[in-house]
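K.L.:
what shape does this take:
(one chain, ligands or ions: 1)
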Amino acid sequence: MKKRVSVASILGCTLLLSCTQTTDKSDIDLRVEKLLSQMTLEEKIGQMNQISFWGNSEELAPQVKAGNIGSLLNVADATIANAFQKIAVEESRLGIPLLIGRDVIHGFKTIFPIPLGQAATFNPELVKECAQIAALEASATGINWTFAPMLDISRDARWGRIAESFGECPYLTGVMGVAMVNGFQGDNLSNKTSIAACPKHFVGYGAAEAGKDYNSTNIPPLLMRNLYLPPFEDAINAGAATIMSAFNDNDGIPMTANKELLTNVLRKEWKFDGIIVSDWTSTTEMIMHGFAKDDKEVAEKSVNAGVNIEMMGMSYITHLKELINEGKVKINTIDDAVRNILRLKFRLGLFENPYVDEDQQNVFYKEENLKIAHKAAEESIILLKNNNNTLPLSKNLNSLAIIGPMADAPHEQLGTWIFDGEKSKTITPLNAIKNKYDETMQIFYEKGLEFSRDRDKSQFWRAVQAAQSADATILFIGEESILTGEAHSLADINLKGAQKDLVRELKKVSKKLIIVVMAGRPLTISDELEAADALLYSFHLGTMGGTAIADLLFGETVPSGKLPVTFPKEVGQIPIYYNHNNTGRPADNTETHIYDIPLEAEQTSLGMTSFHLDAGLKPLFPFGFGLSYTTFEYDFIKLNKHEVTDNETLIVTFTLTNTGDFDATEVVQLYTRQLVGSIVRPVKELKAFQRIFLKSGESQKVTFSLPIQELAFFGIDGQRKVEHGSFKVWVGGDSNAKLGEEFMVVR
Ligand code: NOJ
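P.N.:
Okay, the predicted model is just below:
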């Protein structure tokens, strides 16, 4: 039990309840009930209303005082937060403090890699640390709730919000989601540096048709259960305090009105006792969907489906009372919603500690925060090509050309959703390389293009001249932050502007061409890959991206990032993902191209299998892929048993050897496949991974313990269980892992 000095008592304890000094569960329930019993219907509905702050304190203050607003979003300043809390706690009738929410997605001031980049670290401990720091910095300003992590499975690189996701794999997304929830929330929500997490967007939003934001989804029930819901269930089991309903309609039902999922699955099945908040006006947007005729019907459908807080829509505050009077909404529904809201406010310790120290600005950008930001950036970068050991570069180069619109783009490097991060604090690759090597090598810097979409080639000659004069060229290309994130989807994911031309020109003159792609999504980079001697892919890396890239380029550290999403060769291959089902006619690695087909060839000449004639079968890179400066070998896979029951644990061991010249970390991955199921099962599913550090030449026996219950899924009867039969397990460095063994799950 936690003892706290109660602010309410210092303030004369206007509300008796708030003087209790614990955050114990049963105690909280008692306090919730007691407070609820004192509330008018208007005050209850007020708790369900969330409004954004736009500098409009004068407009909002009387509403807070009247108890018409239970939470604010977008306050990110301690003085303003305290002022609002003071009105809520000292001037409103019942003194109920406010929830203050903000999109703290990948850092508050210190910005970490975008979530897609964080996923590429395959390092949940590190992801947790990033979230911890984000919470530490954000909570200093009075923020007590973040709208993260985003757990939308993303199989479509056109979708701008893939940047905010952990990629295409439900297992990796679940692991990273739990890590983030734990990081934000800490051991106890009532710690001053903890903030409530909000897994979003419940559910299926990432499956938007054509990758167009807010678009409809068509996810059938079993796929919903087996692919889209699991990361949310993981996050709820980890104690996530809130959850956000999504914008999309699935099979015609907007998620914000989906009672089956919001109430039956989330509340009844998963026993979630936190808050369900709508997305920003996802309630009233049901009118545009054609699912509700007016705001009143919106309020009725949303609240009855289970949405507790309406973000910005105003339909609750306007219509809920009327709907209660008409009997269309039950008072129990309102009471339950308010219980959830009050419960979180008690859990956060807000009744005892509504205020923050206004003199806490020194928590931002602390050295240890920047250190973690550097580490996360470093581990998230993926080496995709390294011909003839081009990398690492020698520190004894005489000269180096640094070129490209992303080499010194402090804002673009931060990525999407950086309301509070400041570009003035960003270390770009140009800064970092110059800081370290300006004394010892001649560094020529030419942008070539002003920004990633720039089509003006008039400065190319300068870039070419620089490249010609240098021992090596490092070209930084990619996409600006604004081309990614919410409502920023693309139909073409090739490099924009004249970047492709710049690559071609530099290829002609560079002694060695190293390309660094900085982006918020997988871009189609086949041509650039071919042109480059070495290519590093970095998702938008945040504040410390520059130092991380510099360290990798010059071998201070060795790349260990792995792709959290399959990279297509061409946009037309999308959706392309590793955990697909087999067709009845799977292609056998064929890459036959239209230009190889003889004229008037027989219809059946290519074998009647499933692939694109112009793009082949394979992606550019599979999920899980990433090179190192060293090489790793996987050998001697061994299972403890070849027949296991569904309550046993399979022990898989193998030998990993670092066969190259660098000490390095490998992300070892374990995949399984159920060979025959009651429904068609994915050809591979990631079930476990570990980061293993080995010195050059060293070998290690690696052990994975796989509880057979991890193989459970929702089958043809709609029940979640392990099905008996044959399985295969593989270990390897990516989802093409070949070292495998079969085993049986038996009764
Ligand atoms: C809309 C976005 O979809 C959601 O992710 C975000 O948290 C809210 N706006 C609040 O900014």
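K.L.:
and the closest residue to residue 624 other than its chain neighbours, helix, strand or coil?
P.N.:
Take residue 624 and drop its neighbours on the chain: the residue closest to it by Cβ to Cβ, 6 or more residues apart in numbering is residue 734, 3.8 Å away. Yep, even glycine has a C-beta here, placed from its N, CA and C like the rest. Recorded secondary structure, residue 734: coil (DSSP: H, G, I helix; E, B strand; the rest coil).
K.L.:
count of residues packed around the residue in the chain that the ligand sits nearest to?
P.N.:
Proximity of the chain to the ligand (Cβ to the nearest ligand atom) peaks at residue 147, 3.3 Å away. Other residues lying near residue 147 total 24 when counted by other Cβ atoms under 10 Å.
K.L.:
residue 244 should be in a strand, yeah?
P.N.:
Yes - assessed by three-state DSSP, residue 244 belongs to a strand.
K.L.:
is it bridged to anything, and to what?
P.N.:
residue 277 (DSSP bridges).
K.L.:
returning to that earlier point: wait, what's in contact with the residue nearest to residue 624?
P.N.:
By Cβ atoms under 8 Å, 6 or more residues apart in numbering, residue 734 lies in contact with 562-563, 622-626, 669.
K.L.:
give the contact list for residue 635.
P.N.:
Contacts of residue 635 by Cβ under 8 Å, 6+ apart are 654-655, 657, 739.
K.L.:
can I get the buried part of those as one PyMOL selection?
P.N.:
With 16 or more other Cβ atoms under 10 Å as the criterion, this PyMOL line picks the buried residues out of the contacts of residue 635:
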select buried, resi 654+657
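K.L.:
now, which of the contacts of residue 635 sits nearest residue 190?
P.N.:
Closest to residue 190 out of the contacts of residue 635 is residue 654 (44.2 Å), distances taken as Cβ to Cβ.
K.L.:
can you list the strands that whichever strand or helix holds the closest one pairs with?
P.N.:
Assignment of secondary structure by DSSP states H and E places residue 654 within strand 649-658. Take DSSP bridges as the rule and strand 649-658 pairs in its sheet with strand 632-639 (antiparallel), strand 699-707 (antiparallel).
K.L.:
turn the ones you listed into a markdown table, including distance to the ligand and mean pLDDT.
P.N.:
As requested, the strands paired with strand 649-658 are arranged in a markdown table below (distance: least, Cβ to the nearest ligand atom, whole Å; pLDDT from 0 to 100):
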| stretch | distance to the ligand | mean pLDDT |
| --- | --- | --- |
| strand 632-639 | 38 | 98 |
| strand 699-707 | 33 | 98 |
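K.L.:
coming back round to it: name the helices or strands packed onto the helix or strand just after the strand holding residue 654?
P.N.:
Using DSSP H and E, the helix or strand that follows strand 649-658 towards the C-terminus is strand 664-674. Other elements packing on strand 664-674 under the criterion 3 or more Cβ pairs under 8 Å, 6 or more residues apart in numbering; DSSP states H and E are strand 649-658, strand 685-694, strand 699-707, strand 725-732.
K.L.:
list the contacts of the closest residue to residue 70 other than its chain neighbours.
P.N.:
Nearest residue to residue 70 in three dimensions, chain neighbours excluded: residue 47, at 3.5 Å (Cβ to Cβ, 6+ apart). Counting by Cβ under 8 Å, 6+ apart, residue 47 makes contact with 39, 67, 70-71, 96, 309, 337-338, 341-342.
K.L.:
same thing but at 7 Å, please
P.N.:
For residue 47, the contacting residues are 70, 338, 341, by Cβ atoms under 7 Å, 6 or more residues apart in numbering.
K.L.:
what's in contact with the strand holding residue 654?
P.N.:
Strand 649-658 is contacted from outside by 630, 632-641, 644, 664, 666, 668, 670, 692, 694-708, 729, 731, 739, 743, using Cβ under 7 Å, 6+ apart.
K.L.:
which residue is nearest the middle of the chain?
P.N.:
residue 165 (3.0 Å; Cα atoms, centre = their mean).
K.L.:
can you pull the contacts of that residue?
P.N.:
Neighbour list for residue 165: 115-116, 150, 152, 154, 206 [criterion: Cβ under 7 Å, 6+ apart].
K.L.:
can you tell me how far it is from residue 519?
P.N.:
To residue 519, residue 165 is 14 Å away according to Cβ to Cβ, to the nearest Å.
K.L.:
output the set of residues of the stretch 401-550 of the chain in proximity to the ligand.
P.N.:
residue 486 (Cβ under 6 Å from any ligand atom).
K.L.:
thinking again about what came up before, give the closest residue to the residue nearest to the centre of the chain in space, chain neighbours not counted.
P.N.:
Leaving aside its chain neighbours, residue 165 sits nearest to residue 154 (4.1 Å; criterion: Cβ to Cβ, 6+ apart).
K.L.:
can you pull the pLDDT of that neighbour?
P.N.:
On pLDDT, residue 154 comes in at 98.
K.L.:
how many other residues sit next to it?
P.N.:
Neighbours of residue 154 under the rule other Cβ under 10 Å: 30.
K.L.:
isn't it right up against residue 205?
P.N.:
No - using Cβ atoms under 7 Å, residue 154 is not in contact with residue 205; the gap is 9.3 Å.
K.L.:
hmm, back to that, show the buried residues in the contacts of strand 649-658.
P.N.:
Neighbour counting by 16+ other Cβ under 10 Å classes 630, 632, 634, 637, 639, 644, 664, 666, 668, 670, 692, 694, 700, 702, 704, 706-708, 729, 731, 743 among the contacts of strand 649-658 as buried.
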